[in-house]
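Peer 1: return a 3D structure for these sequence lines:
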Amino acid sequence: MALQWLSLVGAIWLQSISGSNSNFPAYSSELKRRLSISQLQLNNLASASDAGKLFGWLSGLAAAHLPLWLVLLIGSLLGSAGYGFQFLFLADLLPPPSYAAMFFLTAVAGNSICWINTVCYILVINNFPLDRHVAVGLSGSYVGLSAKLYADIVDAAVAPSAPPPDRAKAFLLVSALLPPAVCISAAPFARPVQVNPTRKLTRGFFAMFAVTIATGVLAVTTNLTAVLSPASVVAAMLAMLLVPLLVPLYENVRERIEQKCSIRIHNVNNMSAIEYGGKIEGCEIRDFEDCSSIEEIGAKAMLCRLDFWLYYFVYLFGATLGLVYLNNLGQIAESRGCFRTTWLVSLSSAFTFFGRLVPSLLDYLCSKTKVGKVSGGGAMGAIMVPICGAFFMLLNKHTMFLYTSTAIIGTCTGALSSIAVTTTTELFGVKNFGVNHNIVVSNIPIGTFLFGDLAALLYNKFASFEGKCMGQNCYQTTFIIWGSLCGLGIFLSLILHIRTKPHRLV
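Peer 2: Presented below is the predicted three-dimensional model:
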């Protein structure tokens, strides 16, 4: 069991560094200056990172034929190449690349994230068969800490008052070196382990939740206050990432004690439970049968199913639309006269972190209280209702509504991203998850281009001759369109729920 928990710890480490694409705003201005490109070209360069997800299915295909540790190393090397060549350019160690070459490097760096995420999802889904909702949400919540972790390391290495070119190079260098270091450290844990498929785990998750919540509170507190020095903040964050190692240690000790003291009684109880249709470790035999009865569907068959396209557009009009809003948050805040952009981005990051964590926490509590679970489509639709309301709330020009809506959209987008992983397994099985889920999230770059360009066109319509737009008109029509599309997504999720409600999330 210790190896089982170590795989979750490894996934947590990997997820905490898998958000390197969130560093783009930190060095984008320097790229724009050095490449002499327009704002539109810079926006397209920002979208190139998401464009890498269009080829995320390659990581799923590789995971089906290669050891997970090798898939992990390939992903880290792709990221090192993408960010590394950009660093060498800014450091004047390479001649200026063409715009097409820079677009390609950014896309490669973005694609590397898919390889790391695929390994994490496969690990926790296979190694925690009856607790996959809890494990996926728990590890996935650490993606929200990536931007904070990278920023803290750069602040510790380069003073915040340093020239922008120095900080830009620092962000690229850390983005190129940190993922390979963490991937090499986590590689020994990146392997499937023998687990009891009828044994639900609850004790260890309580400790994991406590550590995760404490880590999130620490990240938010140190981001909003300057009590600790940058080096102390990095040390504190790294310490909190090492604390989860205590759970495998505890489980290993407990397992050895149980084996020595009660192995005979334990075997008798197990046989009795199976013979009389009882329970094993709080998990009904009926739950295990439902788990094994989920249909395994390949990518080609999945693309021919109506459920896939309903799910695809629900994700597009929900989580992807939320991500587009968060990506445009700086411009939206500026247009409304709110110049506390850094604080607003920190707010959205914090709520996204806790939003990713909430579904797994609720699933953990429901498993202890025996409360029934809804289908993935139904859960996604319910979470999209607040997002729809938040978009229409943004039509009010008061700054309070900007803060409130950002918190709501951040929380719900994080929750949707977490639920989507297990919804893919619910609808299409576990065997082909690596390819299937990467096909699902290919709507992110598509949505980024479509919804982002729509917002940009409407923004330019009201912009001044200097290219800036100030006032409520800049995004008013955009919010109405986004809110309406989210409403359409809620309707589609209702149809998906009706079609899939006989299936139970496991």
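
Peer 1: C-alpha from now on. contacts and neighbour counts both.
Peer 2: Will do.

Peer 1: host element of residue 178?
Peer 2: Using DSSP states H and E, residue 178 sits within helix 164-186.

Peer 1: so which bits of the helix or strand that that helix is followed by are buried?
Peer 2: Going down the chain from helix 164-186, the next helix or strand is helix 203-224, by DSSP H and E. Within helix 203-224, the residues that count as buried by 16 or more other C-alpha atoms under 10 Å are 205, 208-209, 211-213, 215-216, 219-220, 222-223.

Peer 1: residue 10 touches residue 186, doesn't it?
Peer 2: Yes: if you go by C-alpha atoms under 8 Å, residue 10 and residue 186 touch, sitting 4.9 Å apart.

Peer 1: look at these two and report which has more neighbours.
Peer 2: Between residue 10 and residue 186, counted using other C-alpha atoms under 10 Å, the more crowded position is residue 10 (24 against 21).

Peer 1: can you show me the helices along the stretch 301-450 of the chain?
Peer 2: For the stretch 301-450 of the chain, applying DSSP state H, counting those that start in this stretch gives helices covering 306-315, 321-327, 329-335, 341-369, 376-393, 399-428, 433-440, 443-461.

Peer 1: so for the first one, mean pLDDT?
Peer 2: Here the mean pLDDT over helix 306-315 is 94, rounded to a whole number.

Peer 1: quick check: buried residues in that helix?
Peer 2: By neighbour count on 16+ other C-alpha under 10 Å, the buried set for helix 306-315 is 307-315.

Peer 1: helices or strands next to that helix in the packing?
Peer 2: helix 376-393, helix 399-428, helix 473-500 (3 or more C-alpha pairs under 8 Å, 6 or more residues apart in numbering; DSSP states H and E).

Peer 1: any idea which of those helices gets closest to residue 167?
Peer 2: Across those, residue 167 has its closest neighbour in helix 399-428 (26.8 Å, C-alpha to C-alpha).

Peer 1: the nearest residue to residue 67 once chain neighbours are set aside: neighbour count?
Peer 2: Closest residue to residue 67 apart from its sequence neighbours, by C-alpha to C-alpha, 6 or more residues apart in numbering: residue 191 at 7.6 Å. Residues within reach of residue 191, counting by other C-alpha under 10 Å, total 19.

Peer 1: give me phi/psi at residue 191?
Peer 2: Here is the backbone geometry of residue 191 (degrees, to the nearest 10): phi -150, psi 150.

Peer 1: how much space separates it from residue 113?
Peer 2: Separation of residue 191 from residue 113 (C-alpha to C-alpha, to the nearest Å): 19 Å.

Peer 1: go on, residue 363?
Peer 2: Distance, residue 363 to residue 113, by C-alpha to C-alpha: 27 Å.

Peer 1: hang on, the earlier thing: and the helices of the stretch 301-450 of the chain: which comes nearest residue 95?
Peer 2: That would be helix 443-461 among these, by C-alpha to C-alpha, at 29.3 Å.

Peer 1: pLDDT on the closest one, on average?
Peer 2: Rounded mean pLDDT across helix 443-461 is 85.

Peer 1: list the contacts of that helix.
Peer 2: With contact meaning C-alpha atoms under 8 Å, 6 or more residues apart in numbering, helix 443-461 is reached by 47, 50-54, 312, 315-316, 320-321, 324, 328, 467-469, 474-475, 477-478.

Peer 1: repeat the analysis, applying 7 Å as the threshold.
Peer 2: Identification of contacts with helix 443-461 by C-alpha atoms under 7 Å, 6 or more residues apart in numbering yields 47, 50-51, 53, 316, 320-321, 324, 467, 469, 474-475, 478.

Peer 1: find the nearest non-adjacent residue to residue 188, please.
Peer 2: Nearest one to residue 188, counting by C-alpha to C-alpha, 6+ apart, is residue 69 at 7.2 Å.

Peer 1: list the helices and strands the helix or strand hosting the one you found packs on?
Peer 2: According to DSSP H and E, residue 69 maps onto helix 68-90. For helix 68-90, the elements it packs on are helix 99-127, helix 164-186, judged by 3 or more C-alpha pairs under 7 Å, 6 or more residues apart in numbering; DSSP states H and E.

Peer 1: now the shortest one: how far from the chain's centre is it?
Peer 2: So that's helix 164-186. On the basis of C-alpha atoms, centre = their mean, to the nearest Å, helix 164-186 sits 19 Å off its chain's mean C-alpha point.

Peer 1: any idea of the angle the helix holding residue 178 forms with helix 68-90?
Peer 2: Orientation check (axes from the mean of the first three to the mean of the last three C-alpha atoms, to 10 degrees): helix 164-186 against helix 68-90 gives 170 degrees.

Peer 1: and for helix 164-186, what's in contact with it?
Peer 2: 10, 13-14, 17, 20, 23, 26-27, 30, 72-73, 76-77, 79-80, 83-84, 87, 90-91, 154, 158.

Peer 1: could you pull up the mean pLDDT of that helix?
Peer 2: The pLDDT scores in helix 164-186 average 91.

Peer 1: tell me which residues in that helix are buried?
Peer 2: 165-180, 182-184, 186.

Peer 1: before we move on, back to that, the residue nearest to residue 188 contacts residue 187, doesn't it?
Peer 2: Yes: counting by C-alpha atoms under 7 Å, residue 69 does reach residue 187; the two are 5.0 Å apart.

Peer 1: which of the contacts of helix 164-186 count as buried?
Peer 2: 10, 13-14, 17, 20, 23, 26-27, 30, 72-73, 76-77, 79-80, 83-84, 87, 90-91, 154, 158.

Peer 1: low-confidence regions, the stretch 251-400 of the chain specifically.
Peer 2: Where the stretch 251-400 of the chain drops to pLDDT under 70, the residues are 255, 258-259, 261-294, 339-343, 346, 366-374.

Peer 1: with the stretch 1-150 of the chain instead?
Peer 2: The stretch 1-150 of the chain contains residues with pLDDT under 70 at 1, 39-40.

Peer 1: related to what we said a few turns ago, of the helices of the stretch 301-450 of the chain, which is nearest residue 63?
Peer 2: helix 433-440 (6.8 Å).

Peer 1: ok and that closest one relative to helix 399-428, angle-wise?
Peer 2: Comparing the axes of helix 433-440 and helix 399-428 via the same axes, to 10 degrees yields an angle of 140 degrees.

Peer 1: hmm, who's touching helix 433-440?
Peer 2: For helix 433-440, contacts defined as C-alpha under 7 Å, 6+ apart pick out 56-57, 60-61, 63, 118, 122, 299, 312, 424-425.

Peer 1: and those residues as CSV, adding distance to residue 42?
Peer 2: Below are the contacts of helix 433-440 laid out as CSV (distance: C-alpha to C-alpha, whole Å):
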residue, distance to residue 42
56, 23
57, 26
60, 30
61, 32
63, 33
118, 28
122, 34
299, 34
312, 28
424, 33
425, 36
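
Peer 1: what's the domain layout of the chain?
Peer 2: By the assignment in automatic domain parsing, the chain contains the domains 1-293, 295-506.

Peer 1: what residues does residue 354 make contact with?
Peer 2: If you count contacts by C-alpha under 7 Å, 6+ apart, residue 354 has them with 141, 411.

Peer 1: from residue 4, how far off is it?
Peer 2: Distance of residue 354 to residue 4, computed by C-alpha to C-alpha: 24 Å.

Peer 1: related to what we said a few turns ago, neighbour-wise, which of residue 363 and residue 113 wins?
Peer 2: With neighbours defined as other C-alpha under 10 Å, residue 363 and residue 113 compare such that residue 113 has more, 29 against 20.

Peer 1: please name the nearest non-neighbouring residue to that one.
Peer 2: Leaving aside its sequence neighbours, residue 113 sits nearest to residue 18 (C-alpha to C-alpha, 6+ apart; 5.7 Å).
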